[in-house]
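K.L.:
Below are the sequence and a predicted model for it; my questions follow.
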Amino acid sequence: MSANQHQNDNWHDCPAGELSQMVGRVNTSQRQARRKQLFGTAAACMLLVAVGVFSVGSVFAPNGDFTFGGITCTECHENFAAFERYQTEAATMNQALALSMETHLEQCPRCGKAFEKTYPGILSSELSNQPTMPLLAIASFATLY
């Protein structure tokens with residue numbers, strides 16, 4: 001019993017309110033941790049929404065046009081005749097605009113159909129005239145690298 005009495009000598013009564021203060025500090029710490037977690041989740045959600053809005057905004061122009069190849073549907077339609085002359089008569093055209101037109105007409109189904117309806121056969125002949133690499137050559141090239 002003397003050992004038990006010796007252990008009790010090391011224990012002292014807590015000052016009034018000390019346990020309440022400890023509980024308060026733990027609760028405050030937990031609240032701060034929850035706030036940080038909530039803030040991080042909210043920030044991540046806002047970032048996702050911002051990326052989504054930016055992505056949709058970059059595809060649509062203010063007037064509702066699609067943007068493919070760096071030009072809108074309106075710009076593409078405005079250059080239909082020049083692009084047709086460029087394709088059929090080897091007329092001069094700004095190379096960046098020609099590439100943008102090709103990309104837009106390939107990726108935008110609405111403009112591709114409109115161009116094909118206005119100038120039938122030009123887009124399909126353009127695709128068939130592009131050089132193709134035989135499958136065997138592709139396989140051989142892949143094994144080299």
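P.N.:
Arrived safely, thanks for sending.

K.L.:
domains of this protein?
P.N.:
The chain is divided into the following domains under automatic domain parsing: 22-59, 67-129.

K.L.:
right, so those domains: which one is the most enclosed?
P.N.:
Most buried of the domains of the chain by mean neighbour count (mean count of other C-beta atoms under 10 Å) is domain 67-129; its value is a mean of 16. C-beta: built from backbone N, CA, C; applies to glycine.

K.L.:
mean confidence for that one?
P.N.:
With pLDDT averaged residue by residue, domain 67-129 scores 88.

K.L.:
do the same with stretch 34-50
P.N.:
Mean predicted confidence for stretch 34-50 is 92.

K.L.:
For residue 14, find the nearest of the domains of the chain.
P.N.:
Nearest to residue 14 among the domains of the chain is domain 22-59; the distance by C-beta to C-beta comes to 9.1 Å.

K.L.:
for the protein, what spans make up the helices?
P.N.:
2-10, 18-59, 73-78, 80-88, 95-107, 109-118, 122-129, 135-144 (DSSP state H).

K.L.:
Save those helices as JSON lines, and put in distance to residue 67 too.
P.N.:
Shown next, in JSON lines, are the helices of the chain (distance: least, C-beta to C-beta, whole Å):
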{"stretch": "helix 2-10", "distance to residue 67": "77"}
{"stretch": "helix 18-59", "distance to residue 67": "6"}
{"stretch": "helix 73-78", "distance to residue 67": "8"}
{"stretch": "helix 80-88", "distance to residue 67": "17"}
{"stretch": "helix 95-107", "distance to residue 67": "8"}
{"stretch": "helix 109-118", "distance to residue 67": "11"}
{"stretch": "helix 122-129", "distance to residue 67": "19"}
{"stretch": "helix 135-144", "distance to residue 67": "32"}
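
K.L.:
Of the ones you listed, which is nearest residue 66?
P.N.:
Across the helices of the chain, closest to residue 66 is helix 73-78 (C-beta to C-beta), at 5.4 Å.
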